[in-house]
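In: Sequence and predicted model, in that order:
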Amino acid sequence: MERWHVVTAVVLGYLLLTLVIGLLAGRRVSESVEGYVAADRQFGLLTMYFITGATIFSAFAFLGGPGWIYSRGGAAFYILSYGVLGIAPWYFIGPKAGRLGRRFGFVTQAQLVAGRFPSRGLSALFALITVAAFVPYLMVQMSGAGIVFNVVTEGHVSFEAGAALAYGVVLIYVLSGGVSAVGWTNVFQGIVMMVLAWALGLYIPTHLYGGIGDMFDRLVEARPELLTAPGLDAAGRPWSWGAYSSAVLSSAVGFVMWPHLFMKSFTSRDDETLRRTVVLFPTFQLFLIPLFLVGFAGVLFGSAPETPDHIMPHIVLSTGLPALVVGLFCAGGLAASMSTGDGLLHGAASIAVEDGLLPFVKLNDSQRRFLMRALVVGVGALAYYLAIVQKQSLVALLLMGYGLIDQLAPPVYAALFWRRATTPGVLAGLCAGIATNVFFLVRADLRPFDIHEGILGMIVNAAVLVAVSLATRPQPAEHADAFVSAPEYPMRKGVGVRT
Amino acid sequence: MSVATARRLAIAFFVLQAVAVTYPGFVPFSRIEPRVLGLPFALVWPTAWIVVSGLVLWALHAVESRRRED
């Protein structure tokens, strides 16, 4: 038996196990929209911890992290810095959103914002931004699965077939089990991903160079420019501090604004679970370190991969690791890709129905669930088609996604914290923010200090929001108060407010 | 410590961190020496902030839990 046979067998076994877990988990919740989208609001700490971690750590972290270190050195340190800064606000806004969700029955971010600022246009705008940002993100995940499969089977399984196989499994469990399947498969996949990352990150530098310290000794001699921030840009020239800093800040602000993550506020059992998830999150963040070590190991490695994103599978294959370990690595890569991709698929479909359609068309519970499932297939097929057909525009699309998601921050913060904010203010701000963001995306040469377009858009967005709100009639105090001063601690540990 | 004070301190900590890991706070620490466990200092610096963040969040949560039980 050849090595790639063993590798493929391990991977197929892994996919099968994931599928079984997903199908079993789906049977635990009710047949309703609240069950399909918010898991009947019953996720505990274990599920929330891994769902948060696995949702964030995608194929981008698993392949792109080492790839960035390999080609751009310290520029990749920005990925390390934004996660904790990004999750910290969730300690305050997560429980508050969750509480409002339990009270008013919200299952999406847009429902919360449109609950405070009643406007169907606002709701539809949120849905549009979400889908526009999710499709390219999903394409990246599918490509990641394809790359891992293709490289570790030494080309015997094509990129297209690998991506189709992994996402076929995702499709089945998301269709049948909704967010509950997403949550429980993320627990399993999160564990696989973390164990694999730490094992490989500590093993490879030791195996190749005798130890982590020894590896860096050689790097200090050979490529010192890779060892400090802000590192290099894509072309290998020194990167600017402006671009590095605003990459950290725009990602940090956008972090919990990603609708598939924000929506998870509504899946949690109570406030306490959400707070503990945030407290534990830094332990997940540290898992980037071993991935970075693999990237550094690649710099000194004799042979070069096809593209920087292939460095991780390239090293794993070339260091003579046993086939079983290579198969497990492949499983880890697929775990990273699938555990993010499932949430994106599920999120895009739920949001398109709940926020894009429901405000305009009357639909009952079972029609909504049917449409969500139809859209899971539709969005999945679209992203798969785009991932295969046009790989070049991927980076540009993804960057646009981040900038767009940043624009959701001012409306969400205004809804939760500012009594004087008004519906026209929020709408005007959002439109101005999107316009600014798109303008500086297209005319990158006009950006002041190389600052990320998402940040520039957000500044304009917030300024317009405040100005127009102050110029328009305030909301009734009672209405605004229901959102801004949602009672802080009305419950004992573990007991949610249900009305 | 009251919950309000603890929250204010935690927010101040994260604002400080935002400056410390970007321009200009990171500039004096973005260097190779001193190495810690073999790692260059520019990698140790953001990592240390993650570890301390975990402790700060844990402390904030501890203060809040105690207050809530009162």
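Out: That came through fine.

In: okay, CA-based contacts and neighbour counts for the rest of this
Out: Fine.

In: Please report the number of neighbouring residues for the residue nearest to residue A:68 when sequence neighbours are not counted.
Out: Using CA to CA, 6 or more residues apart in numbering or on different chains and skipping residues adjacent in sequence, the residue nearest residue A:68 is residue A:76, 5.6 Å away. By the criterion of other CA atoms under 10 Å in any protein chain shown, residue A:76 has 26 neighbours.

In: Would you mind giving the secondary structure of residue A:76?
Out: Here residue A:76 is helix, with the state taken from DSSP: H, G, I helix; E, B strand; the rest coil.

In: For the residue of chain A found nearest chain B, list the residues it contacts.
Out: Across chain A, the shortest distance to chain B (CA to the nearest CA) belongs to residue A:213, at 3.8 Å. Listed by CA atoms under 8 Å, 6 or more residues apart in numbering or on different chains, the contact set of residue A:213 reads B:37-39.

In: Could you say which helix or strand holds the spatially most central residue of chain B?
Out: Taking CA atoms, centre = their mean, the centroid of chain B lies closest to residue B:53, which sits 3.8 Å from it. Here residue B:53, judged by DSSP states H and E, is contained in helix B:41-69.

In: and the residue in chain B that chain A sits nearest to, backbone torsions?
Out: Closest approach between chain B and chain A, counting by CA to the nearest CA: residue B:38, at 3.8 Å. Dihedral pair for residue B:38: phi 90, psi -20, per degrees, to the nearest 10.

In: surely it meets residue A:218?
Out: No: if you go by CA atoms under 8 Å, residue B:38 and residue A:218 don't touch, sitting 11.0 Å apart.

In: Kindly present the contacts of residue A:213 as JSON lines, with separate columns for pLDDT.
Out: Shown next, in JSON lines, are the contacts of residue A:213 (pLDDT from 0 to 100):
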{"residue": "B:37", "pLDDT": "92"}
{"residue": "B:38", "pLDDT": "92"}
{"residue": "B:39", "pLDDT": "95"}
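
In: between those, which has the most around it?
Out: residue B:39 (20 neighbours).

In: So that residue sits against residue A:217, correct?
Out: No: between residue B:39 and residue A:217 there is no contact, the gap being 9.2 Å when judged by CA under 8 Å.

In: follow-up on the earlier one: need the pLDDT of the residue nearest to the centre of chain B.
Out: For residue B:53, the pLDDT comes out at 95.

In: For chain B, which residues are neighbours of chain A?
Out: B:14, B:17-18, B:21-23, B:30-32, B:37-40, B:42-43, B:46-47, B:50-51, B:53-54, B:57-58, B:61, B:68-69 (CA under 8 Å from any CA of the partner chain).

In: I only care about these that end up buried; give me the ChimeraX line for that.
Out: Buried residues within the residues of chain B next to chain A, by 16 or more other CA atoms under 10 Å in any protein chain shown, are selected in ChimeraX with:
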select /B:14,17,18,21,22,23,30,31,32,38,39,40,42,43,46,47,50,53,54,57,58,61
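
In: Where does pLDDT dip in the stretch 151-300 of chain A?
Out: Applying pLDDT under 70 to the stretch 151-300 of chain A picks out no residues at all.

In: What residues does it have near chain B?
Out: Checking the stretch 151-300 of chain A against chain B by CA under 8 Å from any CA, the hits are A:212-214, A:216-217, A:220, A:224, A:227-229, A:241-242, A:244-245, A:248-249, A:275-276, A:278-283, A:285-286.
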